[in-house]
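Chemist: With the sequence up front, the predicted model follows.
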Amino acid sequence: MPHDAAWLKDATVRVQSTALGPTTEHRGRVEEIADGVAMISGLPHVRLDELLRFDAGQFGYAQVLEPDRIGCVLLDAAHALQAGDAVRGTGDVVRVPVGPGLLGRIVDPLGRPLDGKGPVVAQATLPIEREAPGIIDRDLVTEPVQTGVLVVDTLFALGRGQRELIVGDPATGKTTLAIDTIIAQKDSDMICIYVAVGQKTSAVRRAVDALETHGAFDRCIVLVAGPATPPGLQWIAPFAGMTMAEHFRDNGQHALIVIDDLSKHAATHREIALLTRQSPGREAYPGDVFYVHARLLERAAKLSVVGGGGSLTALPIAQTEAGNLSAYIPTNLISITDGQIVLAATLFQEGQKPAVDVGVSVSRVGGKTQAHALRDAAKSLRLDYAQFLEMEVFTRFGGTIEPRVQAQLTRGARLRTVLRQNQHAPMRLVDEVALVMAVQEGLLDGLTPEQVGTFRDHLGGALDTGAADARYKVETTGTLGEADKAALLSVLRNLVTSLEAPDV
Ligand SMILES: Nc1ncnc2c1ncn2[C@@H]1O[C@H](COP(=O)(O)OP(=O)(O)O)[C@@H](O)[C@H]1O
Ligand SMILES: [Mg+2]
């Protein structure tokens, strides 16, 4: 390329305006290196959470600051590092990409693609640790989250902006309940983020397959930190997921984050704390584990109109052992969240799936958001069911049973059958309202459990043809007038009659 006079002048200006001369930089030294953690000396000005870069190219962040050394949690594999390696502060914190470009993608906690679909298109990058909205920025939780799971929507309704814990023993359907809730959002305006921390790759694969086959994957971000990834990556995963979700919330949209699960996250936190020699407390967890999870879950919120009116709902998951809800991490999380859905291994083994233990589950916020039609239909459901369960235990000892008690037992048994629901089969609001009405009106009392199953299968179609107006009204307004109720009931009665006397 010919160098003309203008080019030369420009180049001269650039050279002259470049600050030459010495620059100072702090270089630290790796003192010790252990599973995913490095102790570093010689970096007195590094701040908490600052991103550190090793000369060999690896990254980590400062998790513990002591007067003469730093506990650095590695975000990359440690095997290439050794004592004596040089490291420096970057002056920045850990950031992740955010924006709609992440939808339909599987990424790691730093937003790097794991799905082989090419680079992630980010709208911006934001720090993984961000302050939760304050009191003034928040609004009350008033809009429902339709989970499509009958037992949850009728008895433990969730609202947008709520934090509800899903807790239970291994293999009691925790992940399935969360994934089903995501699947139910496929036609809604909710964006879902599924964060898998330390979960088996096969379990994550199953979750992703379910989302894909039920058409919910395009509205989803799946963030995976597998059990073999460095503990640092697993530690930041829920925070990174929160940042991705918050971006939608702050743009006036509605997001739902599932964190599967915080027990594994707490174990990782404990591992890191022990390696960086923080003093262990109860169950060997460091004292700040409560604060870590509270800080994380406080970021779920319903924002005020001034703040754009967006919402972020959180469904953290916790695992228990032998149903022990009073272990350290489950009690912490129960006290941080706005309620818990407890899944019981005994119910699961009896085939009662979803295995929600109605006696100890609670939703402290969402009840007020429940659609009027459903609240109306289900108002005495919880009490009736609790009475039935108690009565069932008593009558198990035999003896003669009064007809009135027998009727209550039959009703309760039908209710229990109805609350069973297959995985990945979300119900529409109108189906839920109709099904609960059918039980409460006693229409199902004369049917066998098989017939109840058939009733359920035909319900949606019958409502579509026989009560289209009522269906439309429930879906648009969440309410039912007397005439609509009568229309629904007549469809239900006809359906029951056709089952009792099938055409031969
Ligand atoms: N409602 C349901 N109907 C049928 N099978 C279910 C249901 N819920 C869970 N399962 C099955 O139970 C098994 C364990 O569920 P999973 O959600 O992985 O449990 P967890 O996350 O508690 O370990 C899975 O094979 C899942 O398919
Ligand atoms: Mg699971």
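Modeler: In hand now; what should we look at? Ligands and ions are numbered 1, 2, ... in the order given.
Chemist: correct me, but Gly351 touches Gln421?
Modeler: No. At 11.9 Å, Gly351 does not count as touching Gln421 under the criterion of CB atoms under 8 Å. The C-beta positions use only the backbone N, C-alpha and C, and glycine is treated the same way.
Chemist: Neighbour count for these two, which is higher?
Modeler: It is Gln421, of Gly351 and Gln421, that has more neighbours when counted by other CB atoms under 10 Å, with 18 against 8.
Chemist: Assign Gly399 to helix, strand or coil.
Modeler: At Gly399 the chain is in coil, as set by DSSP: H, G, I helix; E, B strand; the rest coil.
Chemist: Number of residues surrounding it?
Modeler: Gly399 has 7 neighbouring residues, counting by other CB under 10 Å.
Chemist: likewise Leu429?
Modeler: Counted with other CB under 10 Å, Leu429 comes out at 18.
Chemist: what's near enough to touch it?
Modeler: Shown in contact with Leu429 (CB atoms under 8 Å, 6 or more residues apart in numbering): Gln146, Asp153, Ala371, Ala373, Leu374, Val474, Glu475, Gly478.
Chemist: counting contacts, what elements does the helix or strand Ile341 falls within pack onto?
Modeler: Taking DSSP states H and E as the definition, one finds Ile341 inside strand 339-343. Using 3 or more CB pairs under 8 Å, 6 or more residues apart in numbering; DSSP states H and E, the elements in contact with strand 339-343 are strand 165-168, helix 174-183, strand 362-363.
Chemist: Any part of stretch 450-469 near ligand 1?
Modeler: No. Stretch 450-469 is not in contact with ligand 1 by CB under 6 Å from any ligand atom; minimum separation 13.3 Å.
Chemist: Tabulate the CA atom coordinates of that stretch in PDB.
Modeler: C-alpha atoms of stretch 450-469 as PDB (Å, rounded to 0.1, in the frame of the first residue of the first chain):
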ATOM      1  CA  GLU A 450     -60.100 -46.800  35.000                       C
ATOM      2  CA  GLN A 451     -63.200 -44.900  34.000                       C
ATOM      3  CA  VAL A 452     -61.800 -41.800  35.800                       C
ATOM      4  CA  GLY A 453     -58.800 -42.100  33.500                       C
ATOM      5  CA  THR A 454     -61.000 -42.300  30.400                       C
ATOM      6  CA  PHE A 455     -63.000 -39.400  31.700                       C
ATOM      7  CA  ARG A 456     -59.800 -37.400  32.000                       C
ATOM      8  CA  ASP A 457     -58.700 -38.300  28.500                       C
ATOM      9  CA  HIS A 458     -61.900 -37.200  26.900                       C
ATOM     10  CA  LEU A 459     -62.400 -34.100  29.000                       C
ATOM     11  CA  GLY A 460     -60.400 -31.600  26.900                       C
ATOM     12  CA  GLY A 461     -62.200 -32.600  23.700                       C
ATOM     13  CA  ALA A 462     -65.600 -32.600  25.300                       C
ATOM     14  CA  LEU A 463     -65.100 -29.100  26.700                       C
ATOM     15  CA  ASP A 464     -63.800 -27.800  23.300                       C
ATOM     16  CA  THR A 465     -67.000 -28.900  21.500                       C
ATOM     17  CA  GLY A 466     -69.600 -28.600  24.300                       C
ATOM     18  CA  ALA A 467     -68.500 -25.500  26.300                       C
ATOM     19  CA  ALA A 468     -66.400 -23.400  23.900                       C
ATOM     20  CA  ASP A 469     -67.700 -20.100  25.300                       C
END
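Chemist: Fine, thanks again, bye for now.
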